[in-house]
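Participant: Generate coordinates for the sequence data below:
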Amino acid sequence: MTKNSEDNTNKKKLSPSIILGIVSLALIILSIVIMIVGTSMISKGKTIKLFGYSFSVVVTPSMVPTINVDDIIIIKDFDYDKLEVGDIIVYRNTEYNINVVHRIVSVNIDNTYTTKGDANATEDSFPITKDIYIGKVVKYGNILGIGKVLNHYRWAIIIVVALIFIYILNSELVSMIKKIKEKQQKELEEENAYNNLSYEERKELMRQELLKELETKTLENKEN
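Facilitator: Down below sits the predicted model:
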């Protein structure tokens, strides 16, 4: 048995179905972890982040008519020092232990921000500092009534995040399995084609490969 045959045998042992099974198990475990961590974060009033973005559902009318109750907001990890008047941000109200979505109405000389809800008559009673700032709202709206469902069923938030995460990983997994199958099929076809060659044809093939290798090395030496 040649070295190539041994390598191909070892590769066949780790078949796509085995890889799929291993990755599927990993996805299930990862989903459970996401659900546990997500539950813990929600209970503490924190947002679930994915690639620098997070989302939440609005539960009060303080930003009406811009943002309504049950609207979904997309929050981005945005540099605190680059915020401007007019930006809608999310911050943590430590007094009531809740997250608040309000608009910046002024930038203060001490590098803090004054905020106010669009529907509120007065500004917030305390300035927004870096330690309570969470992120900037970059998108918002009522997406097919999903926000209302999420507001009434908190577990749905975790399930949605888990499903999105699984969908992304599954897409990558399908692509990876497809590439592995194509590579294995190509290697098998090349091996069968080589085995079907006569002794003279194999000698000629080796000669061509050696010539090609010599040409490559010659070009590399000239470039150096």
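Participant: now stretch 124-137: mean pLDDT?
Facilitator: Model confidence over stretch 124-137 averages 95 on the pLDDT scale.
Participant: what are the C-alpha coordinates of stretch 210-224, in CSV please?
Facilitator: Once non-C-alpha atoms are left out, stretch 210-224 reads as follows in CSV (Å, rounded to 0.1, in the frame of the first residue of the first chain):
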residue,chain,number,x,y,z
LEU,A,210,9.4,16.4,-11.8
LEU,A,211,9.8,18.8,-14.7
LYS,A,212,7.1,21.0,-13.4
GLU,A,213,8.7,21.1,-9.9
LEU,A,214,12.1,21.9,-11.5
GLU,A,215,10.6,24.8,-13.5
THR,A,216,9.0,26.2,-10.3
LYS,A,217,12.3,26.0,-8.4
THR,A,218,14.1,27.6,-11.4
LEU,A,219,11.7,30.5,-11.4
GLU,A,220,12.0,31.0,-7.7
ASN,A,221,15.8,31.0,-7.9
LYS,A,222,15.6,33.7,-10.7
GLU,A,223,13.3,35.8,-8.6
ASN,A,224,15.7,35.6,-5.6
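Participant: end-to-end on stretch 70-80?
Facilitator: 26 Å (C-alpha to C-alpha, to the nearest Å).
Participant: in that stretch, what counts as buried?
Facilitator: Asp70, Asp71, Ile72, Ile73, Ile75, Phe78, Tyr80 (16 or more other C-beta atoms under 10 Å). Any C-beta I mention is one placed from the backbone N, CA and C, and that applies to glycine too.
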